[in-house]
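Novice: no sequence for this one, just the structure:
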């Protein structure tokens, strides 16, 4: 049976078009990516359980190796090379005929290891993570690169987290046989609300509650009834239903249920998806969303371990964002909420090294019901840009609430009804020069198949989705009262004088009541760095910026000092 994916993707593209959101090109997938399977430990019974792609489960191969096209099971066995270890970097001496090979991470490229196992008769390969470093934890998974050997591999390959893999290792070491399986569930990719958390006053009709259905049979199925039972916070259940007259053998298709208007009550909603043809435990999937008093959030309010690579060479700017849709009422945005996982190890006493930018973008500035984002954030209109200076004493993964101001310095930003907005965080690691990214707090992965939410890239680096996490970048609306509101930049705008403003050729920045070193950088209105000047002489608190080559328009200065930071508007006009 061959699983067909393109029909599902085309329906997703249709959904994007329906909401007037940007669509993305689709390449033929290879390897275990996008196969929507579940990894199961079948035996011994004490270890039986299901694992999914991502957090604390497994990673997949992208564009190499075989696909999971049908349920696959077999005994798990270590692949040993001539050197006697399970790294499998040399030719495999173990007879793996009909078995699922276990290989440890490290020593050589993944593709060569998998190819050796395939040559020994393995029907699939599982890499088990045994690394224990600052960037690896029990939940770490890797989407493996193919290397030289990858193109020769035609069996499925996955990377298993320590949490899922170590019980297998222990069972085999004690002499117990281990049986594992790759299972294609009939339902996958459940969708519910447009963001996990929505303020109750912004509740609106959900038109994209949906799920993907796979006909695993070798014959056409008729009258397939798909159900979405929604358990509400008040204990009542609302039922949605969709009937497919026929589904060809081996076809997967994405379906949407009729529109659903949730009751405007606080609390958690659970959507249970099922169908009338398959009834195994893996054939029921859940999705949750919640109504809050004042909070938009795309993360699911959990806390996942910090994870991610060091900065790549010359890639020191990171930004991530989340997309939010307001409901039928006007409102005011008052705060952006986020958290930090490693502020203590990133902080250095250097001006400009500890500044986090927070931006609220209008995603549809011309109100034509189309998301303006087509390439990157330069397409969007900035509504608020504030800063936060971290001091290294921030407890890991504790909420930080930073007040927003609009471009006229009002302590809020007006929100239009039924309108899209992006809440965003950015950090530039140039001044810190640690070679490490700042880890924003994140939850376990929360997928939004039909929306371009987290992560989104601006500049050359992003931290929104490393290790399958969803960054906290929550938007608070009017009525929100922080237990402790964080300081923003901490520098008074009155201490920064720009003259002339508007400028045509050159403008001068003068700082008053300053001592110590400072940095002033000029950015365009999309946040891109244009010029930066570092000053170490406390007695010379002025600097000139040349703008004759810049187009007319709005720009902003980011002033970073030992006492804090602030942002100031600058206009170029000719």
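Specialist: Arrived safely, thanks for sending. Fair warning: this is a prediction, and the values are worked out from it, not measured in the lab.
Novice: just the helices from the stretch 1-150 of the chain, written as ranges.
Specialist: If DSSP state H, counting those that start in this stretch is used as the criterion, the helices of the stretch 1-150 of the chain fall at 6-18, 110-119.
Novice: and those helices, which one is worst for confidence?
Specialist: For the helices of the stretch 1-150 of the chain, mean pLDDT drops lowest on helix 6-18, to a mean of 35.
Novice: pull the helix or strand with minimum mean pLDDT from this structure.
Specialist: Lowest by mean pLDDT, DSSP states H and E among the helices and strands of the chain is helix 6-18, with a mean of 35.
Novice: verify the stated contact: residue 357 with residue 385.
Specialist: Yes - in this structure, residue 357 is within contact of residue 385 by CB atoms under 8 Å, at 6.6 Å. Using the backbone N, CA and C atoms, a C-beta is placed for each residue, glycine as well.
Novice: who has more neighbours out of those two?
Specialist: residue 385 (23 against 20; other CB atoms under 10 Å).
Novice: quick check, the more buried one in a helix?
Specialist: No - Residue 385: not assigned to a helix; according to DSSP: H, G, I helix; E, B strand; the rest coil it is strand.
Novice: would you agree it is in contact with residue 359?
Specialist: Yes - using CB under 8 Å, residue 385 makes contact with residue 359 at a distance of 5.1 Å.
Novice: can you check the pLDDT for the closest residue to residue 108 other than its chain neighbours?
Specialist: In space, and not counting its chain neighbours, residue 108 is closest to residue 89: 3.9 Å by CB to CB, 6 or more residues apart in numbering. At residue 89, the pLDDT value in this model is 91.
Novice: contacting residues for residue 89?
Specialist: Counting by CB atoms under 8 Å, 6 or more residues apart in numbering, residue 89 touches 81, 83, 107, 108, 112, 113, 116.
Novice: just residue 163 next, same as before
Specialist: Here residue 163 is in contact with 56, 138, 139 (CB under 8 Å, 6+ apart).
Novice: then residue 364?
Specialist: Neighbours of residue 364 in contact, by CB under 8 Å, 6+ apart: 370, 371, 372, 419, 420.
Novice: neighbour-wise, which one of those residues leads?
Specialist: Of all the contacts of residue 364, residue 420 has the most neighbours under the rule other CB under 10 Å, reaching 24 neighbours.
Novice: how near is it to residue 323?
Specialist: 6 Å (CB to CB, to the nearest Å).
Novice: could you tell me which residues touch both of the two?
Specialist: With CB under 8 Å, 6+ apart as the test, residue 420 and residue 323 both reach 363, 371.
Novice: any low-confidence regions in the stretch 201-350 of the chain?
Specialist: Scanning the stretch 201-350 of the chain with the threshold set as pLDDT under 70 gives 307-317.
Novice: which stretches in it count as helices?
Specialist: 343-346.
Novice: strands along that one, start to end?
Specialist: Ranges of strands within the stretch 201-350 of the chain are 210-214, 221-231, 237-247, 252-256, 267-275, 285-292, 295-296, 317-325, 331-338, based on DSSP state E, counting those that start in this stretch.
Novice: tabulate those strands (CSV), appending mean neighbour count and distance to residue 163.
Specialist: Listed next are the strands of the stretch 201-350 of the chain as CSV, based on neighbours: other CB atoms under 10 Å; distance: least, CB to CB, whole Å:
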stretch, mean neighbour count, distance to residue 163
strand 210-214, 25, 26
strand 221-231, 17, 28
strand 237-247, 14, 33
strand 252-256, 20, 29
strand 267-275, 19, 24
strand 285-292, 19, 20
strand 295-296, 24, 30
strand 317-325, 25, 25
strand 331-338, 23, 27
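Novice: could those go into TSV alongside distance to residue 432?
Specialist: Formatted as TSV, the strands of the stretch 201-350 of the chain follow (distance: least, CB to CB, whole Å):
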stretch	distance to residue 432
strand 210-214	43
strand 221-231	46
strand 237-247	50
strand 252-256	44
strand 267-275	39
strand 285-292	34
strand 295-296	30
strand 317-325	12
strand 331-338	18
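Novice: residue 45: which of those strands is closest?
Specialist: Comparison of the strands of the stretch 201-350 of the chain against residue 45 by CB to CB identifies strand 285-292 as nearest, at 24.0 Å.
Novice: for the closest one, which strands pair with it and how are they oriented?
Specialist: Paired with strand 285-292 in the same sheet, following DSSP bridges, are strand 197-199 (parallel), strand 267-275 (antiparallel).
Novice: can I get those in JSON lines including distance to residue 283?
Specialist: As requested, the strands paired with strand 285-292 are arranged in JSON lines below (distance: least, CB to CB, whole Å):
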{"stretch": "strand 197-199", "distance to residue 283": "28"}
{"stretch": "strand 267-275", "distance to residue 283": "7"}
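Novice: right, I'll leave it there.
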